[in-house]
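> Provided below are the primary sequence and the corresponding predicted coordinates.
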Amino acid sequence: MEKPLKELLEFGILNLDKPSGPTSFGVSDFVRKTLKPKKTSHFGTLDPKVTGVLPIALGRACKLTGYFLGHDKEYVGIMRIHQEIDLDKIESMIKKKFMGVIKQTPPLKSRVKIQEREREIKQFDLIEKEGKDILFHTTVQGGTYIRKLIDDLGKALGIGAHMLELRRVRAGIFKEEDKGFINLYDMEKASEEELRKIIVPAEEALKEIMPSIEVSGENLQKFYSGKSILREDVLSSKDFREGTLLAVFTKELFVGIYRVIHEGLKFAKAEFVFQPVKDE
């Protein structure tokens, strides 16, 4: 059964097609002013000129950002090499130095600490070459800077290269093929019924990125106060390793996100509890 729009704006995620130009924060703020949830945030910054998948958290779903950020990202883009070189030489360098776990230093303009860190490149295919422009497709670990990846590749080749265009086609579980994928113009014009169909309930998104369990609803108030889930509370499988994150539900309600601890009678402790909103 589809949720009321009010509930989706309170705890939902919008899979947005970011246009070239505005910052990710600007897009998030536009969604807040248009749909009027209490707050919004985005799952992973895209540079202003970069387009594509930018999930926007609505309302209390903003607290879930950290659970989605580290997931793989997929991009299609165009790089421009500064001197002519055979495609097979570029592919050879990619296989040699830019596949698997690589070391990458974030660009100076980034908001993170400028220090070398490891990131995994899972796919890096050159699709087509026209003059000095090369169409590429890559899948990378979250937190990888594609612009820096292209710059480093150009330096390794000794010819120089820079990123000309980039589009993110997937951010974790959110893809541009998803039926709810929408641009800003269509979102602004969408009816309430249309919005209900495209906003993803946040608890359903959580089921896609972590295991879920069912607990007894008898102790719901205890859970809402932040107390741990005991083994006797769990109605479904309890066979999870210590440290595993779980999306916890009663038969009808989302309870929160818990981390398995296996401490005596305690099965899991609360990380995020979805307490009911009091009527204003």
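Arrived safely. Everything numeric in this text was worked out from a predicted model, so none of it was measured. Numbers count the residues shown, from 1 in each chain.
> Lowest mean pLDDT among the helices and strands, pick that one out for this protein.
Every helix and strand of the chain was ranked by mean pLDDT, DSSP states H and E. The lowest is helix 220-224, at a mean of 90.
> and the helix or strand following that helix, which strands flank it?
Downstream of helix 220-224, the next assigned helix or strand under DSSP states H and E is strand 229-230. In its sheet, strand 229-230 lies beside strand 266-273 (antiparallel), with partners assigned from DSSP bridges.
> Tell me which strands the lengthiest strand in the chain pairs with, and in which orientation.
Among the elements of the chain assigned as strand by DSSP state E, the one spanning the most residues is strand 117-130. When pairs are called by DSSP bridges, strand 117-130 turns out to pair with strand 100-104 (antiparallel), strand 133-140 (antiparallel).
> List the buried residues of the first one.
By that I understand strand 100-104. If you call a residue buried by 16 or more other Cβ atoms under 10 Å, then strand 100-104 has these buried ones: 102, 104. All C-beta spots, glycine's among them, are computed from the backbone N, C-alpha and C.
> what's the average pLDDT for that strand?
The pLDDT scores in strand 100-104 average 95.
> before we move on, what about the last one?
Per-residue pLDDT values across strand 133-140 average out to 98.
> Could you pull up the mean pLDDT of the next helix-or-strand element following that strand?
Moving toward the C-terminus from strand 133-140, the first helix or strand encountered (DSSP H and E) is helix 146-157. Confidence for helix 146-157, expressed as mean pLDDT, is 96.
> repeat for stretch 23-33
97.
> Mind listing residues that contact it?
Residues outside stretch 23-33 that contact it (Cβ atoms under 8 Å, 6 or more residues apart in numbering): 14, 16, 18-19, 22, 37, 39-42, 44-46, 48, 54, 56, 58, 184, 187.
> What is the burial count for residue 134?
21 (other Cβ atoms under 10 Å).
> I'd like to know the beta-bridge partner residues of it.
For residue 134, the residues forming beta bridges with it (DSSP bridges) are residue 79, residue 129.
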